[in-house]
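Trainee: Can you look at this prediction? I've put the sequence above it.
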Amino acid sequence: QVQVEESGGGWVQPGGSLTLSCTASGTEASIYAMVWYRQAPGKQREEVASRTIGDTATYEYFAQGRFTISSISRDNFKNTVTLQMNNLKPEDTAVYYCNAAYNRAGRHWGQGTQVTVSP
């Protein structure tokens, strides 16, 4: 059974930084991408950044220049990706979710981690 776990959320003042981590495990299937999403109160979930196993990274416009998604690291069948977030703004406040996309094992969501940016 695939498990996806996020960590690293918390409260930070505007201009501060946080690093989120996501670990996906529980299957021998190969992973092909890990994607960060976020959902603010009253808004739809939106993509933030993604990284493929081929090491291609993509960023939404609001994340470019401020957020950095790491390469996917693999340890046996545990896959990990981080999201370094700098110069955080109040509008970055949201629950951040990780989605792990596997070949032949579907896509799986974590439970999310709360990020709050306020004075």
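Mentor: That came in fine, so what should we check first?
Trainee: looking only at pLDDT, what's the mean for stretch 53-68?
Mentor: Averaged across stretch 53-68, pLDDT comes to 97.
Trainee: And the contacts of it?
Mentor: Contacts with stretch 53-68, where a contact means Cβ atoms under 8 Å, 6 or more residues apart in numbering, come from 30-33, 46-51, 69, 71-72, 83-88, 91-92. All C-beta atoms are positioned from the backbone trio N, CA, C, and that covers glycine.
Trainee: Tell me where this structure has helices.
Mentor: Assigned by DSSP state H, the chain shows no helices.
Trainee: Show me where it has its strands.
Mentor: 3-7, 10-12, 18-25, 31-39, 46-52, 57-59, 67-69, 73-75, 78-85, 94-102, 106-109, 113-117 (DSSP state E).
Trainee: can you redo these as CSV with mean neighbour count?
Mentor: CSV is the format used below for the strands of the chain (neighbours: other Cβ atoms under 10 Å):
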stretch, mean neighbour count
strand 3-7, 17
strand 10-12, 14
strand 18-25, 20
strand 31-39, 21
strand 46-52, 18
strand 57-59, 15
strand 67-69, 19
strand 73-75, 11
strand 78-85, 20
strand 94-102, 21
strand 106-109, 14
strand 113-117, 18
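Trainee: center of the protein - which residue?
Mentor: Nearest to the mean C-alpha position of the chain, by Cα atoms, centre = their mean, lies residue 36 at 3.1 Å.
Trainee: Could I get the pLDDT score of that one?
Mentor: 98.
Trainee: The residue nearest to it when sequence neighbours are not counted and residue 27: what is the separation?
Mentor: The shortest distance from residue 36 to any non-neighbouring residue, by Cβ to Cβ, 6 or more residues apart in numbering, is to residue 48 (4.3 Å). Counting by Cβ to Cβ, to the nearest Å, the gap from residue 48 to residue 27 is 24 Å.
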